[in-house]
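Q: My questions are about this predicted structure, shown below with the sequence.
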Amino acid sequence: MSGIPGKCFIIIRLWRAIGLRLRRMYYLLLLGRMGRGTSITSNVFIDHPYNVFIDEDVVVNQFALIQAGPESTVTIGSGTHISFRATILTASLELSKGHVSEAHNSRSVVIEDNVWIAVGATICPGVKLGRTSVI
């Protein structure tokens, strides 16, 4: 490639590479643990990141939501793939005697190795996904 389109292509590739490195450093500082080879794309929301523990070779795609809590954790095993718009929750409203109260209950989520969480899937509080599960 030559000319202006070629230069724009090079600049875009360089910009993306810088963004990936900055994002990786950001998550290394914030998460409870982030293993080698893990990739978290842009536009991912992680609530209470200090309670999120991610092993090696995990992929988290755009618009995923990982909602840990101050008293609940999210643990993600090696080789797991979290697809576009997937949601992992550790808290929900407390139901008592048929009506919703303002109180929340909070339970940790465990995702074992080599799990695939497909597009738009929602993992509810207290769930444990076994090895090689597809959700």
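A: Right, received. Where do you want to start? Numbering: from 1, shown residues only.
Q: List the residues that contact residue 117.
A: Applying C-beta atoms under 8 Å, 6 or more residues apart in numbering to residue 117 gives the contacts 80-83, 86, 88, 111, 123, 129, 135. No exception for glycine: its C-beta is placed from N, CA and C like everyone else's.
Q: and those residues as TSV, adding neighbour count and pLDDT?
A: Shown next, in TSV, are these (neighbours: other C-beta atoms under 10 Å; pLDDT from 0 to 100):
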residue	neighbour count	pLDDT
80	24	98
81	17	98
82	29	98
83	18	97
86	23	98
88	26	98
111	25	98
123	23	97
129	21	97
135	15	94
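Q: can you redo these as JSON lines with distance to residue 72 and secondary structure?
A: Listed next are the contacts of residue 117 as JSON lines, based on distance: C-beta to C-beta, whole Å; DSSP: H, G, I helix; E, B strand; the rest coil:
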{"residue": "80", "distance to residue 72": "18", "secondary structure": "coil"}
{"residue": "81", "distance to residue 72": "23", "secondary structure": "strand"}
{"residue": "82", "distance to residue 72": "18", "secondary structure": "strand"}
{"residue": "83", "distance to residue 72": "23", "secondary structure": "coil"}
{"residue": "86", "distance to residue 72": "18", "secondary structure": "coil"}
{"residue": "88", "distance to residue 72": "11", "secondary structure": "strand"}
{"residue": "111", "distance to residue 72": "14", "secondary structure": "strand"}
{"residue": "123", "distance to residue 72": "12", "secondary structure": "strand"}
{"residue": "129", "distance to residue 72": "16", "secondary structure": "strand"}
{"residue": "135", "distance to residue 72": "19", "secondary structure": "coil"}
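Q: between the residues you listed, which is closest to residue 27?
A: Nearest to residue 27 among those: residue 82, at 13.6 Å, using C-beta to C-beta.
Q: So residue 40 sits against residue 23, correct?
A: Yes - between residue 40 and residue 23 a contact is recorded at 6.4 Å, counting by C-beta atoms under 8 Å.
Q: Out of those two, name the residue with the larger neighbour count.
A: More crowded of residue 40 and residue 23, by other C-beta atoms under 10 Å: residue 40, with 22 against 15.
Q: All set now, cheers.
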